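**Q** Fold the stuff below for me.
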Amino acid sequence: MRLGFNFWLGASLTALVILAGALAPWIAPFDPVLDADLMSSELPPDATFWFGTDAQGRDVYTRILYGAQISLTVGIVSQVINSIIGITLGMTAGYWGGWWDDLVNGLTNVMLAIPSLIFALAVMAVLGPGLPSLLVALGLTNWSWTCRIARSSTLSLKSQGYVQAAQTLGYGDLRIMFTQILPNMMGPILVMATLGMGSAVLSEAALSFLGLGIQPPFPSWGSMLTDARQLIQLAPWVAIFPGLAIFLSVLGFNLLGDGLRDSLDPHMRTRKP
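**A** Numbering: from 1, shown residues only. Have a look, this model is predicted:
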């Protein structure tokens, strides 16, 4: 498997975000919540405050590092939930067919017709703001694409010889699906999950910007942008650096997913010189 430029660039950006979040307690120079000094508010970037300070005098660099933890948690957990729902529904629909396939297809079409951010807003309105509600909302949002991929892969794989051999040996349906079919469709599922992490990071930022995500004073890139709305002209660095963090993390996940797709898809490989 040959890995291209997109993969390595995306992997580098993603690794940078992961390291920032994982090492935040050791490399952050200040506490993201407690170290607030109104006498140092809205200071531009300098040797002490690398990314400047916000309106409460908190170090923007420190809050971006800790905000990476939130973004990674949301991205990983939401995609795990999406993958579990999508794989289970899509694989069983493709394997069993019949009324269950029709039901899953109808539910998938309904979910695809609803804008994901609108659906997440509706869920958050019911559950209330906060990290647990955010994880549930985003976890229930984008499973329909994974479901479609799992269903189409199952329809193709269930006619393969090794699946028919397992049926002849008397394997149960669930055993066949999870031991014979699932491992052979993990390539496109992995690509979809990687691309979905970028979408989850962006959705988390949007919901936090609207006040429905991570609540102050805990750092989130979206909530940092909310606090920076009134400071765009006076202290633009308060908005620039969180926005840049969102951009680089989403770009990294998208390039990583694109690179994995190019490497795992034989048709894409044969088109390249």
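
**Q** from here on, contacts and neighbour counts on C-alpha atoms
**A** Noted.

**Q** which parts of the helix or strand containing Ile118 are buried?
**A** Per DSSP states H and E, Ile118 falls inside helix 116-127. For helix 116-127, burial by neighbour count (16 or more other CA atoms under 10 Å) applies to Ser116, Leu117, Phe119, Ala120, Leu121, Val123, Met124.

**Q** so where is this structure shaky, pLDDT-wise?
**A** 1-3, 264-273 (pLDDT under 70).

**Q** And the residue nearest the centre of it?
**A** Met197 (1.9 Å; CA atoms, centre = their mean).

**Q** Which secondary structure state does that one sit in?
**A** Here Met197 is recorded as helix under DSSP: H, G, I helix; E, B strand; the rest coil.

**Q** residues near Leu34, how many?
**A** Neighbour count for Leu34, taken as other CA atoms under 10 Å: 9.

**Q** May I ask you to confirm that Asp54 is in contact with Val238?
**A** Yes. Using CA atoms under 8 Å, Asp54 is in contact with Val238, at 5.9 Å.

**Q** Tell me the helix or strand right after the helix or strand where Ala15 lies.
**A** When elements are assigned from DSSP H and E, Ala15 belongs to helix 5-22. Scanning forward in sequence from helix 5-22 by DSSP H and E, the next helix or strand is helix 24-27.

**Q** Quick one: residues in contact with that following helix.
**A** Identification of contacts with helix 24-27 by CA atoms under 8 Å, 6 or more residues apart in numbering yields Thr62, Leu65, Tyr66.

**Q** other SSEs contacting the helix holding Ala15?
**A** Under the contact criterion of 3 or more CA pairs under 8 Å, 6 or more residues apart in numbering; DSSP states H and E, helix 5-22 touches helix 60-96, helix 237-264.

**Q** circling back to that earlier point, please enumerate the shared neighbours of Asp54 and Val238.
**A** Joint contacts of Asp54 and Val238 (CA under 8 Å, 6+ apart) are Val60, Ala228.

**Q** Spell out the secondary structure type for Gly211.
**A** coil.

**Q** residues in contact with the nearest residue to it once chain neighbours are set aside?
**A** In this structure, Gly211 finds its nearest non-sequential neighbour in Ser223, 7.1 Å apart by CA to CA, 6 or more residues apart in numbering. Going by CA under 8 Å, 6+ apart, Ser223 touches Ala205, Ser208, Phe209, Leu210, Gly211, Gly213, Ile214, Gln215, Pro216.

**Q** Would you point out the most distant pair within those residues?
**A** Ala205 and Pro216 (13.5 Å; CA to CA).

**Q** the more surrounded of those two?
**A** Shown here are Ala205 and Pro216; by other CA under 10 Å, Ala205 has more neighbours (27 against 14).

**Q** element containing that one?
**A** helix 186-209.

**Q** Now do that helix against helix 116-127, angle only.
**A** Put simply, helix 186-209 runs at 60 degrees to helix 116-127, going by axes from the mean of the first three to the mean of the last three CA atoms, to 10 degrees.
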